[in-house]
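Trainee: my questions are about this predicted structure, shown below with the sequence.
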Amino acid sequence: REVLLEVKGLKKYFEVGKKQVLKAVDNVSFEIYKGETLGLVGESGCGKSTTGRTIIRLYGATEGEVNYEGENVHGKKSRKDLKKFNRKMQMIFQDPYASLNPRMTVKDIIAEGIDIHGLAKNDKERDARVYELLETVGLNKDHANRYPHEFSGGQRQRIGIARALAVDPDFIIADEPISALDVSIQAQVVNLMMKLQKERGLTYLFIAHDLSMVKHISDRVGVMYLGSMVELTGSDMLYEEPLHPYTQALLSAIPVPDPEVERSRERIILEGDVPSPINPPSGCRFRTRCPHAMDVCAAVEPKWLEAREGHWVACHLYDEEAMKQN
Ligand code: SF4
Ligand code: MG
């Protein structure tokens with residue numbers, strides 16, 4: 001499989017107050033393959049949105065690299081290079097209402113990227129492109145001169161998708177694109193995204209707070225906790241044989257449709273709250289809530305290791321060396 005994007009030792013820290021540092025993303029490494037959907041999940045505040053925003057350069061990186069087709073997007077770049085990256089990587093936001101300018105018509109919202117990148121020779125071509133994009137996302141020409149408030153949440157998200165597609169990107173980061181929508185609308189938006197992926201060969205990073213949401217759309221899923229990636233593997237593998245105690249707990253909280261299976265299942269209840277990313281626990285960040293925590297967990301940060309082919313995890317239980325130290 002061909003790697004489209006490599007995230008290497010990525011850190012994004014924010015200064016809070018005078019001397020405190022919030023470690024929103026702390027040493028995260030993973031790859032995204034061309035044409036796949038990588039799901040990224042974790043509770044709110046775990047750093048998944050910040051990871052997405054740093055990949056796409058909405059934030060500068062504190063440390064580490066984001067290599068897009070082998071080029072570090074955070075390296076020193078000319079204006080021309082940055083424009084090229086901006087066109088290849090697009091973002092769809094969680095709240096379609098907040099992310100669309102209320103004073104702009106749908107046409108102008110969608111055409112903004114077309115204008116910036118000079119993708120239409122004249123107004124006629126620009127209009128034609130916008131109308132085509134509206135059709136592509138299940139809207140039409142008649143919607144072009146209206147304003148965002150005239151649309152439902154699902155329609156607004158379609159407009160957001162059309163805006164992202166306008167510059168013909170290869171890679172789209174979708175930050176909780178369906179979380180704000182009614183359940184009945186969620187599947188429609190996911191189906192649209194999957195259809196577009198097939199037609200256009202798009203690569204997605206699909207961010208969600210809940211594991212059941214990413215299951216159907218993702219080829220692989222990464223799980224984050226308190227600024228760290230704790231597990232990453234194929235979707236089926238993650239749901240069938242989760243390795244990390246945190247993933248196991250998250251999955252045990254999802255109800256199973258079969259009542260017999262549901263009754264026999266053991267629910268893993270996590271004690272306590274997620275600690276602050278300003279003062280994360282030493283060693284393994286999950287140790288204050290982990291049912292399997294051992295002495296070594298407080299002393300040593302778990303390595304990010306490939307426990308079996310394509311299945312990455314950061315937990316001492318899968319590290320023979322660490323277990324010997326315990
Ligand atoms: Fe739990 Fe220790 Fe594994 Fe962390 S390293 S998840 S505390 S067993
Ligand atoms: Mg978020």
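Mentor: Yep, it's here. All values derive from a computational prediction rather than experimental measurement. Numbers count the residues shown, from 1 in each chain. Ligands and ions are numbered 1, 2, ... in the order given.
Trainee: ok now the strand or helix carrying residue 232, how far from the chain's centre?
Mentor: For residue 232, the element it lies in under DSSP states H and E is strand 228-234. On the basis of CA atoms, centre = their mean, to the nearest Å, strand 228-234 sits 12 Å off its chain's mean C-alpha point.
Trainee: for stretch 301-319, same thing?
Mentor: Remark: stretch 301-319 is offset 21 Å from the chain centroid, using CA atoms, centre = their mean.
Trainee: that stretch: which residues count as buried?
Mentor: 301-302, 304, 307, 311-319 (16 or more other CB atoms under 10 Å). (C-beta placed from N, C-alpha, C; glycine too.)
Trainee: I figured residue 267 hits residue 254, correct?
Mentor: No - with contact defined as CB atoms under 8 Å, residue 267 and residue 254 do not form a contacting pair (10.1 Å).
Trainee: neighbour-wise, which of the two wins?
Mentor: residue 254 (12 against 9; other CB atoms under 10 Å).
Trainee: which ones are touching the more buried one?
Mentor: Neighbour list for residue 254: 210, 211, 212 [criterion: CB atoms under 8 Å, 6 or more residues apart in numbering].
Trainee: who in the stretch 101-250 of the chain is up against ligand 1?
Mentor: Within the stretch 101-250 of the chain, the positions lying close to ligand 1 (CB under 6 Å from any ligand atom) are residue 245.
Trainee: could you redo the last one with a cut-off of 8 Å?
Mentor: Residues of the stretch 101-250 of the chain found near ligand 1 (CB under 8 Å from any ligand atom) are 230, 244, 245, 246.
Trainee: of all the contacts of residue 254, which comes closest to ligand 1?
Mentor: residue 211 (17.0 Å; CB to the nearest ligand atom).
Trainee: helices and strands around the strand holding residue 232, which ones?
Mentor: strand 20-33, strand 220-225, helix 245-252, strand 311-313 (3 or more CB pairs under 8 Å, 6 or more residues apart in numbering; DSSP states H and E).
Trainee: quick check: which of those is buried the most?
Mentor: Comparing the helices and strands packed on strand 228-234 by mean neighbour count (mean count of other CB atoms under 10 Å), strand 220-225 ranks first with a mean of 25.
Trainee: now tell me what touches that one from outside.
Mentor: With CB under 8 Å, 6+ apart as the criterion, strand 220-225 contacts 28, 30, 36, 38-43, 46-48, 51, 211, 214-215, 229-235, 238, 244, 246-247, 250, 274, 285-286, 310.
Trainee: just the buried ones out of those, please.
Mentor: Buried among those (16+ other CB under 10 Å): 28, 30, 36, 38-42, 46-48, 51, 211, 214-215, 229-233, 235, 238, 244, 246-247, 250, 274, 285-286.
Trainee: check which helix or strand covers the closest residue to ligand 1 within the stretch 51-200 of the chain.
Mentor: Ligand 1 sits closest to residue 51 of the stretch 51-200 of the chain, with a gap of 19.9 Å, by CB to the nearest ligand atom. Using DSSP H and E, residue 51 falls within helix 48-55.
Trainee: and the helix or strand that comes right after that helix, which strands flank it?
Mentor: Following helix 48-55 in sequence order, the next helix or strand is strand 63-68 (DSSP H and E). Take DSSP bridges as the rule and strand 63-68 pairs in its sheet with strand 3-16 (antiparallel), strand 71-72 (antiparallel).
Trainee: what segments of the stretch 101-250 of the chain are helices?
Mentor: Taking DSSP state H, counting those that start in this stretch, the helices of the stretch 101-250 of the chain run over residues 106-116, 123-136, 153-165, 183-200, 211-214, 235-240, 245-252.
Trainee: out of those, which comes closest to residue 20?
Mentor: helix 245-252 (25.1 Å; CB to CB).
Trainee: next structured bit after that closest one?
Mentor: Assigned by DSSP H and E, the successor of helix 245-252 is helix 259-264.
Trainee: and the residue of the stretch 1-150 of the chain nearest ligand 1?
Mentor: residue 42 (14.0 Å).
Trainee: next one: that residue from residue 117, what distance?
Mentor: 33 Å (CB to CB, to the nearest Å).
Trainee: cool, residue 186 as well?
Mentor: 31 Å.
Trainee: try residue 323
Mentor: 53 Å.
Trainee: these two: which is more packed in?
Mentor: residue 117 (15 against 12).
Trainee: quick check: pLDDT value at the closest residue in space to residue 107 that isn't next to it in sequence.
Mentor: In space, and not counting its chain neighbours, residue 107 is closest to residue 144: 4.1 Å by CB to CB, 6 or more residues apart in numbering. We have a pLDDT of 96 for residue 144.
Trainee: count the neighbours of residue 144 for me.
Mentor: A total of 19 residues lie near residue 144 under the criterion other CB under 10 Å.
Trainee: could you list the residues in contact with the worst-scoring helix or strand of the chain on mean pLDDT?
Mentor: Counting by mean pLDDT, DSSP states H and E, the chain has its least confident helix or strand at helix 259-264, which shows a mean of 77. Helix 259-264 is contacted by residues 255, 256 when judged by CB under 8 Å, 6+ apart.
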